[in-house]
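> what shape does this take:
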Amino acid sequence: MKSLVLNGKGCTVFDSDGHVMYRVDNYNSNSGNEVFLMDFDGRVLFTIIRKKFRLLGLSWEGYRACDKEIDLKKPGFQVRKALKILRRCECKVVLGLDKNEPYKYKIKSSGTNKMGVGCKITDMFGEVVAEVKKKETRSGVVLGDDVLTVVVKPCVDHSLIMGLLVVYNLHHM
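Predicted coordinates:
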């Protein structure tokens, strides 16, 4: 969960072989209203923007980059926070914002861990598609509070999952 940019507030995601897979930064340490999810070369995959609504509170929208352009008119996903019941947090994720389609994913957390440990992303059938855990060595030694592992099911868009986890950590849902 360390930024590669000096004075940046972001993180770096490595694969199991230690190669950089994703970078997250906002390039402005005073604001978290706009955050960029980038690939290992620094190409923006998603621009994630916080939206404020008077009655409904906050939501986050992720705009996917296509051919180096970001279409800020049509978000690729929106995350809306559901009611907090007994310290359990849940968010609904809508893809493409089609009003006639139900949510596609839910982000669930059983606690208030800021780093997302215990966070699970489930599909609309309740199947876990991604889960955040503390990183441990093979001998069971925990590597630190800011060293995590994300387990993602096959055939799931990894960049979308990373975008959703970025939103989780930004909003601390």
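
> can you give me the helices in this structure?
For the chain, the helices identified by DSSP state H occupy 158-171, in order along the chain.

> now it, which segments are flagged as low pLDDT?
Where the chain drops to pLDDT under 70, the residues are 1-9, 27-32, 53-57, 67-69, 71, 82-89, 96-102, 110-116, 171-173.

> could you redo the last one with a cut-off of 90?
Across the chain, the stretches falling below the confidence threshold (pLDDT under 90) are 1-18, 24-35, 42, 49-61, 64-119, 124, 132-138, 140, 142-149, 165-173.

> identify the residue nearest Leu95 in space, chain neighbours excluded?
Of all residues not flanking Leu95 in the chain, Lys104 sits nearest, at 4.7 Å (Cβ to Cβ, 6 or more residues apart in numbering). Where C-beta positions appear, they are placed from N, C-alpha and C, glycine not excepted.

> just give me the neighbour total for that neighbour.
Applying other Cβ atoms under 10 Å, we find 16 residues neighbouring Lys104.

> one more: Tyr105?
By the measure other Cβ under 10 Å, the count of residues near Tyr105 is 22.

> ok, it to Tyr168 distance?
Applying Cβ to Cβ, to the nearest Å, one obtains 11 Å for the distance of Tyr105 from Tyr168.

> kindly report the same for Val128.
From Val128 to Tyr168 the distance is 15 Å (Cβ to Cβ).

> the two: which has the busier surroundings?
Under the criterion of other Cβ under 10 Å, the comparison of Val128 against Tyr168 puts Tyr168 first, with 23 against 13.

> wouldn't the more buried one be in contact with Lys106 here?
No. Between Tyr168 and Lys106 no contact is recorded; they are 11.4 Å apart, counting by Cβ atoms under 8 Å.

> joint contacts of these two?
Cys91 (Cβ atoms under 8 Å, 6 or more residues apart in numbering).

> please name the bridge partners of Glu61.
On the basis of DSSP bridges, Glu61 is bridged to Ile49, Gln78.

> with Lys106 instead?
Lys92, Thr122.

> neighbours of it, how many?
Taking other Cβ under 10 Å as the definition, Lys106 ends up with a neighbour count of 19.

> for the residue of the chain positioned farthest from its centre, grab phi and psi.
Largest separation from the mean C-alpha position in the chain: Ser139, at 28.8 Å (Cα atoms, centre = their mean). Recorded main-chain torsions at Ser139 are phi -90, psi 0, according to degrees, to the nearest 10.

> what of Met124?
Taking degrees, to the nearest 10, you get phi -70, psi -10 for the backbone angles of Met124.
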